[in-house]
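[1] Pasted the sequence and its predicted model underneath.
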Amino acid sequence: MTPQTIAVVGAGLAGLQVAARLLDAGLQVTLLEKSRGPGGRCATRRSPVGPFDHGAAAFQARTPAFRAAVAEAAAQGLLQAAPAGQRLLDPEPSGRPAWRGAPFMNAWPQALRERLVGRGLRLLTEATVRGLQREAAGWQLVLAEETARAALGDARFEAVLLAVPAEQAVPLLQPHDPAQAAALAACPSAACITLMAAWPAAQPGGPRLLRPAAGPLALAFRQDAFDAGAVGCAPTRWTAHARADWSLSAIDTPAEALLAPMLQALREALGDAAPDATPVHAVVHRWRYAQMLQPAAGPCGWSAARGLGSCGDGWQGTSLADLPLDGLERAWLSAQALADRVLGR
Ligand SMILES: Cc1cc2nc3c(=O)[nH]c(=O)nc-3n(C[C@H](O)[C@H](O)[C@H](O)COP(=O)(O)OP(=O)(O)OC[C@H]3O[C@@H](n4cnc5c(N)ncnc54)[C@H](O)[C@@H]3O)c2cc1C
């Protein structure tokens, strides 16, 4: 029997997509997100000097289903063609077209959120799920925040779907479905240290994208290329991601202490094109779980008997095990697969 009351944990692309499918099928869906807004790692950080896409900055679409979804979002003006080489894991650009948000990466998840809320989604933000309790009346969620607890009340759910990074899904799954937890526990994510920095003067020339062959940085790109001339935005803004090994070694260092080495790495990578001035804005974000390098085999996790499932980029998203898919495509595909399982399709 199809469960009717569903809690989805995590409002990244996977959580939004599985919520969309289940709402469209007429189920009651509550979406809980620990941050203030949706998008997860499909992220755009607002700042006094303009936005930075500090998570995924581009992705490919390889499967027909995801290509169709991407084409629809592009037709709505939510996605645009990405400059070559802007995917983080793209050491040898394949020539295959890539996509990015229009103008910023969180445009697509934001639009999904608005559509879902308009269709009756119950969305609780700043609601961190700490644990799951199975009772005769259904699943109860243990929340960290007092306000979120008050908003959720004593709601019970027939099914809980976890759409959070694999490492964060494992402790929630472990007490109830050790096999599903074990599948995700075998797949650790790579960390990523990300610098967002801005300079006051325009730099019309110079590189727009760097992939340094050596040093801490894997990828850096001119963020202002996507909103050139926008009011209130600093005219020269860089987003720079460190390599996975450097990031792992630095992940427990306070973010402020990583500013100097990351700025220095960007200056070295830019060489003669490095801005002379001191940056007017510089922030480091530490992604402990940035990219899943070896996802769990299979489309998603689902136990119909327990009413407990998982989706997101921790899963391959499809039964085509050898297809190298980007994280965002896996997240979307696994959400589709989980919605199919819940709906018994
Ligand atoms: C720096 C960086 C670069 C990347 N580059 C690329 C790229 O080039 N191409 C590509 O395709 N992908 C890239 N990725 C990966 C891509 O962003 C992810 O694969 C994708 O966004 C995963 O989506 P998701 O919905 O599975 O998870 P997420 O986007 O992580 O969403 C999970 C959500 O769950 C929330 N959450 C977590 N725990 C809880 C809890 N206990 N309670 C409530 N909410 C919770 C989180 O706040 C988050 O909003 C990159 C990621 C990073 C960080």
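    Arrived safely. Residues are numbered from 1 along each chain as shown.
[2] When you work out contacts or count neighbours from here on, use the C-alpha atoms and nothing else.
    Fine.
[3] Up against the ligand, what does the stretch 1-150 of the chain have?
    Within the stretch 1-150 of the chain, the positions near the ligand by CA under 6 Å from any ligand atom are 9-15, 32-35, 38-42, 54-59, 87-89, 127-130.
[4] how would you label the residue most central in space within the chain: helix, strand or coil?
    Of all residues in the chain, the one closest to the mean position by CA atoms, centre = their mean is residue 41, 2.2 Å from it. Recorded secondary structure, residue 41: coil (DSSP: H, G, I helix; E, B strand; the rest coil).
[5] Where strands are concerned, which of the residues of the stretch 1-150 of the chain next to the ligand count?
    Among those, the members found in strands (DSSP state E) are 9, 32, 59, 129-130.
[6] could these be laid out in TSV, adding distance to residue 198, neighbour count and pLDDT?
    Below are those laid out as TSV (distance: CA to CA, whole Å; neighbours: other CA atoms under 10 Å; pLDDT from 0 to 100):
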residue	distance to residue 198	neighbour count	pLDDT
9	34	27	98
32	33	27	98
59	24	23	95
129	35	20	98
130	37	13	98
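[7] Can you list the low-confidence ranges for the stretch 51-200 of the chain?
    90-94 (pLDDT under 70).
[8] show me where it has strands.
    59-60, 79-81, 98-101, 122-124, 129-135, 138-143, 159-162, 189-199 (DSSP state E, counting those that start in this stretch).
[9] so what strands line up beside the third one?
    Each strand that pairs with strand 98-101, with its direction, by DSSP bridges: strand 59-60 (antiparallel), strand 79-81 (antiparallel).
[10] looking at those strands, which is buried most?
    Per residue and on average, the most neighbours among the strands paired with strand 98-101 fall to strand 59-60, with a mean of 22 (mean count of other CA atoms under 10 Å).
[11] who touches that one?
    Identification of contacts with strand 59-60 by CA atoms under 8 Å, 6 or more residues apart in numbering yields 87, 96-100, 325-329.
[12] circling back: check contacts around the residue nearest to the centre of the chain.
    Neighbouring residues of residue 41 by CA under 8 Å, 6+ apart: 12, 55-56, 290.
[13] Now list the buried members of these.
    Buried subset of the contacts of residue 41 (neighbour count, 16 or more other CA atoms under 10 Å): 12, 55-56, 290.
[14] just the helices in the stretch 51-200 of the chain please.
    Remark: helices assigned in the stretch 51-200 of the chain by DSSP state H, counting those that start in this stretch are 64-75, 107-118, 146-152, 166-173, 178-185.
[15] so which of those helices comes closest to residue 281?
    Minimum separation from residue 281 across these (CA to CA) falls at helix 107-118, 23.3 Å.
[16] which parts of that closest one are buried?
    Buried residues in helix 107-118 (16+ other CA under 10 Å): 107-110, 112-113, 116.
[17] Give me the distance from that helix to the chain's centre.
    Counting by CA atoms, centre = their mean, to the nearest Å, helix 107-118 is centred 15 Å from the centre of its parent chain.
[18] That one - contacts with which helices or strands?
    With contacts taken as 3 or more CA pairs under 8 Å, 6 or more residues apart in numbering; DSSP states H and E, helix 107-118 sits against helix 13-24.
[19] Quick check: mean pLDDT of the helix it packs on?
    Per-residue pLDDT values across helix 13-24 average out to 98.
[20] Could you give me the buried positions within it?
    Quick answer for helix 13-24 (16+ other CA under 10 Å): 13-23.
[21] Burial check on residue 138, number of neighbours?
    For residue 138, the count of nearby residues is 17 (other CA atoms under 10 Å).
[22] isn't it right next to residue 160, touching?
    No - look at residue 138 against residue 160 with CA atoms under 8 Å: they stay out of range, at 9.6 Å.
[23] Domains in the chain, by residue range?
    Annotated domains of the chain cover 5-42+106-188+294-342, 189-291 [automatic domain parsing].
[24] thinking again about what came up before, any chance of TSV for the ones in strands among the residues of the stretch 1-150 of the chain next to the ligand, columns distance to residue 296?
    What follows is those, written out as TSV (distance: CA to CA, whole Å):
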residue	distance to residue 296
9	19
32	24
59	20
129	23
130	23
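[25] looking at the domains of the chain, which is buried most?
    Of the domains of the chain, the one with the most neighbours on average (mean count of other CA under 10 Å) is domain 5-42+106-188+294-342, at a mean of 20.
[26] Could you give the separation of that one from the chain centroid?
    Counting by CA atoms, centre = their mean, domain 5-42+106-188+294-342 comes out at 13 Å from the chain centroid.
[27] what distance separates the start and the end of that domain?
    End-to-end distance for domain 5-42+106-188+294-342: 11 Å, by CA to CA, to the nearest Å.
[28] next one: stretch 28-38
    19 Å.
[29] Ok, stretch 156-175 next?
    Across its full length, stretch 156-175 reaches 18 Å between end residues, using CA to CA.
[30] Give me the three-state assignment for residue 338.
    Residue 338 - assigned by three-state DSSP - is helix.
[31] do you know how far it is from the ligand?
    Distance of residue 338 to the ligand, computed by CA to the nearest ligand atom, to the nearest Å: 12 Å.
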